[in-house]
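A.B. asks: just coords:
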DNA sequence: CTTACCTAGTAAAAGGTTTTATCTAAGCAT
DNA sequence: ATGCTTAGATAAAACCTTTTACTAGGTAAG
């Protein structure tokens, strides 16, 4: 079981009676400098020996690691969340497929942030770029990046008082579209189940939603809003509480599909029918939204596309083709069966 | 915006009037060789300059990358699956927390397998070890690993005819426990909703389940089994089909919690009550199982623990403390509200 | 006084690549 | 015969560490 030494470019050079330089030039397809004959000889030898250039040596030389990292917050089952899952899939596929980049997975727990591991990642040449997911306004440590020295960008969010690169969906538009849809159907008593308030896009969603309602002279009083904690259970509880507080509510927007689905089940367990008694709108348009009962009307946020673009933009930052960027993607309504005009009350 | 060169060990040596070797010795805590005075001088200088050793150079020297990869199959939303999510979380946390290892995310799509990228990962010194998730009997390419030249192991599964390292739950026991639980409750007409047949652990679950039934002189005929495709929708459809084929069924085991939850909703929509009319047992004990209606009786498979152990074992393989291994973890029943004795039919 | 050993430290090699600057031989013009 | 150009190839430097083998100077033992 003699662990044979890995074959290096030196071995190829020796066995093909050429110099290091020649082998390197041939293998990196620098055209025109080497004769056809030598080229073939080198390639054949490299093949025969099974030569594979070491990423470590290449990286040391080029000062590039060929790696990017995805930083996710430490949430139980962050990796089991469709939202993150969709983004991670998009990023991984784009990085691997289009750029031959590999993806590192990092979790930002308390110690990680205190010891500034996210900077270490760059300083120790682990990565060439960083994508931050699930960022909130409380993540002030991101200020360490606002000099723009390290290629990084915030995915599907932004921070109010730190200027960072980002690619995201238009959540104000999302709120507006959802609001207009419900108003157009004739609803007047409309409620909102929001997720965490420290997430900027959530604030935007609310802003857009409220603006749409206001335009139709509808208020969004405190008793018409509730926290759904971004979870199904939270959505269920929030919906029930809202209906208890004001039984005349006829429509609810939830900040994501999970809470919307929870809300539907919460309403059902109160004996209310969706959409006959109460209409429900979600946000995200995740896979499951199509298959729940009733199929969910929701705002389609192009997450896969955002993940993909985030990766592309990060590569541009890495390659210095770009300095700073902020890209906003439009959203659309996907109308299914969970919304309908309100019952004409007598 | 002059991009200043990264500070190297050479800079530290120069500024602290010591040699490269001395600096390296001090910084790597090789005790005893260097005087207290020099040591302090070096440390102070390193701090002042903000020196961070380059992982690339260290890796080149040590022939270790400090990275391990998780290989997942290309399934839509593989990263949004609680099953994979739990394993990935466990692995990532263990690798980062206990070993200062970082985790690379790889997706095994067709091209990836055909071009043997999984081997390239080792040959090009990207990684020191590999963990394979979601493996099936069709993944014959894994034969490339059976020489044991590269540290790798299969997580929560195994292959019948390829001898590989693995850490997994005892799915035969899982089937047996579920079967015994239902038999003990008095059920005689029992059905199984399985996932993909090409997954070895699924076959094991069935085997253990059937053995438990047989011991009680109960058969598991073809019409009492159905494919649930590992999804909620699949579970719903499968349950409905089973009940249509044989309305006398009083209990169902589903191969995972997702299908179990689907089965419950499928049964409900047929007007059947769970557990009053039909008992349902799941497998996995994912977070959601506790919160569905009724709370799901299920086999608890210690996924987090398995992921953690997988990581630990991989590190032992990497460090040569171990050559080959196969570790099976016991499972337990978590009894909640979705199972009950069968109705005494008049 | 010689030998052996210890302490504090260093020079140089090794790890594997890419790139820059240089070299050689051949062909051609002067 | 000399100088210039070019194609084809190469030596050496650079990227940054860690480790091995060595040195100089001092002390203790024989």
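C.D. replies: Structure received. Because the structure is a prediction, the values reported are computed rather than measured.

A.B. asks: list the buried residues of stretch A:327-342.
C.D. replies: For stretch A:327-342, a neighbour-count test (16 or more other C-beta atoms under 10 Å in any protein chain shown) marks A:329, A:331, A:333, A:334, A:336, A:338, A:339, A:340, A:342 as buried. Placement of C-beta: from N, CA and C, glycine included.

A.B. asks: list phi and psi for the first one.
C.D. replies: Dihedral angles phi and psi of residue A:329 (degrees, to the nearest 10) take the values phi -100, psi 130.

A.B. asks: residue contacts, it?
C.D. replies: By C-beta atoms under 8 Å, 6 or more residues apart in numbering or on different chains, residue A:329 lies in contact with A:167, A:168, A:169, A:170, A:302, A:305, A:306, A:309.

A.B. asks: now those in TSV, with distance to residue B:191?
C.D. replies: Output for the contacts of residue A:329, formatted as TSV (distance: C-beta to C-beta, whole Å):
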residue	distance to residue B:191
A:167	48
A:168	47
A:169	44
A:170	48
A:302	41
A:305	42
A:306	43
A:309	47
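
A.B. asks: taking these one by one, which sit in strands?
C.D. replies: Using DSSP state E, the subset of these located in strands is A:167, A:168, A:169.

A.B. asks: and those near DNA strand D, which?
C.D. replies: Applying C-beta under 7 Å from any atom of the strand to those, one finds that nothing falls near DNA strand D.

A.B. asks: wait, which of those residues is closest to residue A:199?
C.D. replies: Using C-beta to C-beta, residue A:168 is the member of the ones in strands among the contacts of residue A:329 that lies nearest residue A:199, at 11.4 Å.

A.B. asks: excluding its backbone neighbours, what's nearest the closest one?
C.D. replies: Excluding its sequence neighbours, the residue lying closest to residue A:168 (C-beta to C-beta, 6 or more residues apart in numbering or on different chains) is residue A:156, at 4.6 Å.

A.B. asks: can you count the residues close to the one you found?
C.D. replies: By other C-beta atoms under 10 Å in any protein chain shown, the residues close to residue A:156 number 25.

A.B. asks: repeat for the one 4 residues further on
C.D. replies: By other C-beta under 10 Å, the residues close to residue A:160 number 8.

A.B. asks: which stretches in the stretch 151-300 of chain A count as strands?
C.D. replies: Along the stretch 151-300 of chain A, counting by DSSP state E, counting those that start in this stretch, strands occupy A:152-155, A:166-169, A:190-194, A:225-227, A:251-254, A:279-284, A:297-300.

A.B. asks: repeat that for the stretch 1-150 of chain A.
C.D. replies: According to DSSP E, counting those that start in this stretch, the strands that the stretch 1-150 of chain A contains are A:67-73, A:102-108, A:129-132.

A.B. asks: chain center to stretch A:21-34: distance?
C.D. replies: Between the centre of stretch A:21-34 and the centre of its chain there are 40 Å (C-alpha atoms, centre = their mean, to the nearest Å).

A.B. asks: buried ones in that stretch, by neighbour count?
C.D. replies: Buried-residue list, stretch A:21-34, by 16+ other C-beta under 10 Å: A:22, A:23, A:24, A:25, A:26, A:27, A:34.

A.B. asks: sort those residues by pLDDT and name the bottom one.
C.D. replies: Lowest pLDDT within the buried residues of stretch A:21-34 is found at residue A:34 (83).

A.B. asks: could you pick out the residues of the stretch 51-200 of chain A near chain B for me?
C.D. replies: A:52-57, A:59-60, A:63, A:65, A:67, A:70, A:76-86, A:88-89, A:92-93, A:96, A:102-107, A:120, A:123-126, A:149 (C-beta under 8 Å from any C-beta of the partner chain).

A.B. asks: among those residues, which ones are in helices?
C.D. replies: A:55-57, A:59-60, A:82-86, A:88-89, A:92-93, A:96, A:120, A:123 (DSSP state H).
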